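**Student:** missing the sequence, but the structure's below:
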């Protein structure tokens, strides 16, 4: 591929023009680049400051589809994403994107009572959910010992092959003519006559009709540099640890287990287990590192629900940044103050599972100025103006 125009190591020329420049090659940027190229957009350039795509939040997630969500717009986006993950376009990926290993959500009252009453709404929204009593939950995961009043079982959800999904987006975009450049940091955004007209990198200036801000934890910083609307986006650190399963316990077929009220989840991972204290520590944009206190909290909270799983030591710990708007709904749309500057940010902890939906919606808004897939006003940055 070394001679192809779309090869990721190819460098661009100062002053080169594109129709759309996407800043950030995480899952959000890769998805919108794919859907733009699929729809026949002209020249699309995907820029990434790191040497490889998906280095930050995308590569550090729990890699799961969990469609049930209390935030109605997020639930709808997850359901849209789930349809794509289960049935991607022909030729999109050589392997399945989703393993329906199931998700088990544990609840205590009064939240359990709410979930029971809301079950018909979730079903109508497209989420297949079964309500279990504690005994039914323990039949699926025998090590559960904590106090909970019931569980929601999502049999169609489960583990996402994030590497395959990201690779398929990038491969599909390249095959349709998109240019992808790694180790290309955007230092500034060029504005002329009140409109965004391109970006400035260390290698020179690039011109475009649109600049898509898919910079993840750095999205707020990029918007500030552009002079766009000041959005209250906050990155939060989340920690995950991996460890061996106890002797004599085969956890390979367990679902992802989430006790949201008690702030802990665990799931099978590479022959062992992973777990998280579901920490949310505000952070500046950075290459996140795990916190020792969060690792200790993981073990403490795991012990309250599955004490037999608490290990003597951990194999590995890592952290990533999940960036949220105050209402926890993604921000997708053209900036109301700066035409040509497009937000694709604030995906929080569900950017991977919603990427098929948000990528399509963003491509519609960029190319058509509207979308029939979703209420664009719900996602638009204007709601913070």
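**Tutor:** Arrived safely, thanks for sending. The structure presented is a predicted model; accordingly, all values stated were derived computationally and were not measured.

**Student:** in this structure, which spans are helices?
**Tutor:** Taking DSSP state H, the helices of the chain run over residues 27-38, 72-86, 111-125, 134-140, 162-175, 219-226, 292-305, 351-368, 376-379.

**Student:** just so I know, which of the ones you listed lies nearest residue 212?
**Tutor:** Residue 212 sits nearest to helix 27-38 of all the helices of the chain, at 5.9 Å, using C-beta to C-beta. All C-beta spots, glycine's among them, are computed from the backbone N, C-alpha and C.

**Student:** so where is the protein shaky, pLDDT-wise?
**Tutor:** Counting by pLDDT under 70, the chain shows low-confidence ranges at 1-11.

**Student:** Which segments of it make up each domain?
**Tutor:** If you go by automatic domain parsing, the domain ranges for the chain are 17-58+163-232+327-384, 103-155+234-324.

**Student:** quick one, strands of the stretch 151-300 of the chain?
**Tutor:** 158-160, 179-181, 186-192, 195-201, 204-213, 234-243, 256-259, 264-269, 272-276, 281-282 (DSSP state E, counting those that start in this stretch).

**Student:** Could you dump the ones you listed into CSV and include mean neighbour count and distance to residue 366?
**Tutor:** Formatted as CSV, those follow (neighbours: other C-beta atoms under 10 Å; distance: least, C-beta to C-beta, whole Å):
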stretch, mean neighbour count, distance to residue 366
strand 158-160, 22, 25
strand 179-181, 23, 17
strand 186-192, 17, 16
strand 195-201, 20, 13
strand 204-213, 22, 6
strand 234-243, 22, 25
strand 256-259, 24, 34
strand 264-269, 23, 35
strand 272-276, 23, 35
strand 281-282, 12, 31
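
**Student:** Would you mind saying which of the ones you listed lies nearest residue 48?
**Tutor:** Nearest of these (C-beta to C-beta): strand 179-181, 7.1 Å.

**Student:** The closest one pairs with which strands, and in what direction?
**Tutor:** With DSSP bridges as the test, strand 179-181 is paired with strand 44-47 (parallel).

**Student:** Run the chain-centre distance for the strand it pairs with.
**Tutor:** 19 Å (C-alpha atoms, centre = their mean, to the nearest Å).

**Student:** Tell me the buried residues in it?
**Tutor:** 44-47 (16 or more other C-beta atoms under 10 Å).

**Student:** and for it, what are the contacting residues?
**Tutor:** By C-beta atoms under 8 Å, 6 or more residues apart in numbering, the residues outside strand 44-47 that reach it are 12, 18-25, 29-30, 33, 36-37, 170, 173, 177-181, 184-186, 199, 201, 206, 208.

**Student:** Only the buried subset of those residues, as a PyMOL command please.
**Tutor:** In PyMOL, this line selects whichever of those come out buried by 16+ other C-beta under 10 Å:
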select buried, resi 12+18+20+21+22+23+24+25+29+30+33+36+37+170+173+178+179+180+181+184+186+199+201+206+208
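
**Student:** roughly how far apart are the nearest residue to residue 385 once chain neighbours are set aside and residue 230?
**Tutor:** Sequence neighbours aside, residue 336 is the residue nearest to residue 385 in space, at 5.2 Å (criterion: C-beta to C-beta, 6 or more residues apart in numbering). With distances taken as C-beta to C-beta, to the nearest Å, residue 336 is found 12 Å from residue 230.

**Student:** who has more neighbours, these two?
**Tutor:** Ranked by neighbour count (other C-beta atoms under 10 Å), residue 336 and residue 230 place residue 336 first, with 15 against 12.

**Student:** Now residue 250. Its backbone dihedrals?
**Tutor:** The phi and psi values for residue 250, taken as degrees, to the nearest 10, are phi -100, psi 110.

**Student:** need the contact list for it.
**Tutor:** Counted by C-beta under 8 Å, 6+ apart, residue 250 has zero contacts.

**Student:** Going forward, count from 877.
**Tutor:** Renumbered: residue one is now 877, and that last one reads residue 1126.

**Student:** so how far is residue 938 from it?
**Tutor:** On the measure of C-beta to C-beta, residue 1126 and residue 938 end up 21 Å apart.

**Student:** Kindly state the beta-bridge partners for the residue nearest to residue 1064 when sequence neighbours are not counted.
**Tutor:** Nearest-residue entry for residue 1064: residue 1076, 4.2 Å, with adjacent residues in sequence omitted and distances by C-beta to C-beta, 6+ apart. Bridge pairing for residue 1076 (DSSP bridges) gives the partners residue 1064, residue 1081.

**Student:** Determine the number of other residues adjacent to residue 1163.
**Tutor:** Residues near residue 1163, counting by other C-beta under 10 Å, number 11.

**Student:** Make sure it is actually in contact with residue 932.
**Tutor:** Yes - contact criterion C-beta atoms under 8 Å: residue 1163 and residue 932 qualify, at 7.2 Å.

**Student:** how near is residue 1109 to residue 1159?
**Tutor:** Taken as C-beta to C-beta, the span from residue 1109 to residue 1159 is 12 Å.

**Student:** pretty sure residue 914 is in contact with residue 1053, am I right?
**Tutor:** No - using C-beta under 8 Å, residue 914 makes no contact with residue 1053, being 10.7 Å away.
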